[in-house]
Structure formats: structure tokens, C-alpha cells
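Visitor: Any chance you can model this:
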Amino acid sequence: MWWRRTLPAVVALLGVTGLGLITVGLTADPARPPRPPAHAPTRTHPAPDLPPMPRAAPVRVRIPAIDVRAEIVPVGADAAGVLEVPPLDRPRLAGWYRHGVSPGETGNAVLVGHVDSPAGPAVFFDLGHLRAGQEIEVTRADAQVTTFTVDDVRAYPKDRFPTALVYGPADVAALRLITCGGRFDAATGNYVDNIVVFATRTA
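Guide: Numbers count the residues shown, from 1 in each chain. The predicted model follows:
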């Protein structure tokens, strides 16, 4: 398993740089993205008896509840340990953390996306509207579509990013979606929080 070999390095690398995750907020007068309720209910969906899928890069993500249909490109982390994101001139793309598992494999697959851009709201602007029980569909390069059901949606200050919950090991096929959110800090040009969606493969 990839995480058995690389998890300590990933945690050490990304755990100290949550502050740098997807710090966009570039619109002149940004609308505040939706924030999940402070006490949003957590619903853990029992994973059905599905065999793990082989590794295959994700190519598209669809989230019907918030009208997201986006292409996915692979991303990594830079030398400083900051998670890379898709190009800002293509704000409707999502990124897949390619050093982790692919959606459908056992473990936590991670997708990231901009919350906004100079042109306005971006691909993951509405992540904070998601609620437990809603579905996320990921199409893979092998033409298979895997469905995840949202368990929880949380906002975290960037200096308390839940690295282990996002990048750590899991014994089921799970998905994490990440973007920025919360208050926009005009002094730094960044949002102060990260929005994280937790989901489990159900079909």
C-alpha cells in the first residue's frame, strides 16, 4: 500500500503547510463561499462489500447536489510541501493528489479545487453546501464510474488542517475534497479556513 511507504513523509510534508492549501481569494469583492453548519451531522455509511478497484487516474468528477461537472488533472506538492492546484487560468478544473490512492482503491483519495478566481466562483465554491447522504461520482481513466456518499463536511482553520484524516490510511475506499472557505482576509488575500468533504465509496 502506498501509504505504508510514504505516509510519514506525506504527513511531515503537508502537515506543516496546511496554511498554504489553495489560498486563492482573488476576486476584487469576493462573495463568501458557503460554510458548513458548525454542528453538521456526521453520517458514516457502512461500506458495501465492494472489492477494491485497481489503480486508475480519475478524469472527471460530478456532484449533482451543487451542479459540479469538472475535469480532473493530476497534482502533487511543491518543494515547500504546499499542495499544488490546477492552473488558476482554468478555475473549473479539479486536481487529484497523484501521490495518494486513486478513487476506488482502498485508502483516502484526495481531490482539490479552487474556491474562486479573478473571474469569480470556481469549481469547488459550493462545497460548503454539501450534506451527509449526497453523492459524488468519479469517472476514471479505465471508464469505470465509482460513487461516493458524503459522510461529513467540515471547516478547519488552515493552521489546524486535519492532515491525518485527509492523507492518512483508511481501510475502505474513501474520498476527500478540499478547497478554501470561511472569512476572506483582505490583508493577506487568502481565506482563513479549508473546507473538507469526507465521503465513502458506496457503489
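Visitor: just to confirm, which helix or strand has the residue nearest to the spatial centre of the chain in it?
Guide: Closest to where the C-alpha atoms of the chain average out (Cα atoms, centre = their mean) is Leu177, at 1.9 Å. In the assignment (DSSP states H and E), Leu177 maps to strand 173-185.
Visitor: The following helix or strand past that strand - what's its average pLDDT?
Guide: Following strand 173-185 in sequence order, the next helix or strand is strand 190-201 (DSSP H and E). Strand 190-201 carries an average pLDDT of 94.
Visitor: repeat for stretch 61-69
Guide: 98.
Visitor: Give me the distance between the two termini of that stretch.
Guide: 6 Å (Cα to Cα, to the nearest Å).
Visitor: can you pull the buried residues of stretch 124-140?
Guide: Neighbour counts over stretch 124-140 (16 or more other Cβ atoms under 10 Å) mark 124-132, 134-140 as buried. From N, CA and C alone the C-beta is placed, and that goes for glycine too.
Visitor: Ends of it, what's the gap?
Guide: End-to-end for stretch 124-140, by Cα to Cα: 19 Å.
Visitor: swap in stretch 107-121?
Guide: End-to-end distance (Cα to Cα), stretch 107-121: 30 Å.
Visitor: quick one: that stretch to chain centroid distance?
Guide: Between the centre of stretch 107-121 and the centre of its chain there are 7 Å (Cα atoms, centre = their mean, to the nearest Å).
Visitor: Tell me, what's the model's pLDDT at Pro30?
Guide: Predicted confidence (pLDDT) for Pro30: 52.
Visitor: Pro87 too?
Guide: 89.
Visitor: so what's the nearest residue in space to it that is not next to it in sequence up against?
Guide: The shortest distance from Pro87 to any non-neighbouring residue, by Cβ to Cβ, 6 or more residues apart in numbering, is to Leu93 (7.3 Å). Neighbouring residues of Leu93 by Cβ atoms under 8 Å, 6 or more residues apart in numbering: Ala70, Glu71, Ile72, Val73, Pro86, Pro87, Gly113, Val123.
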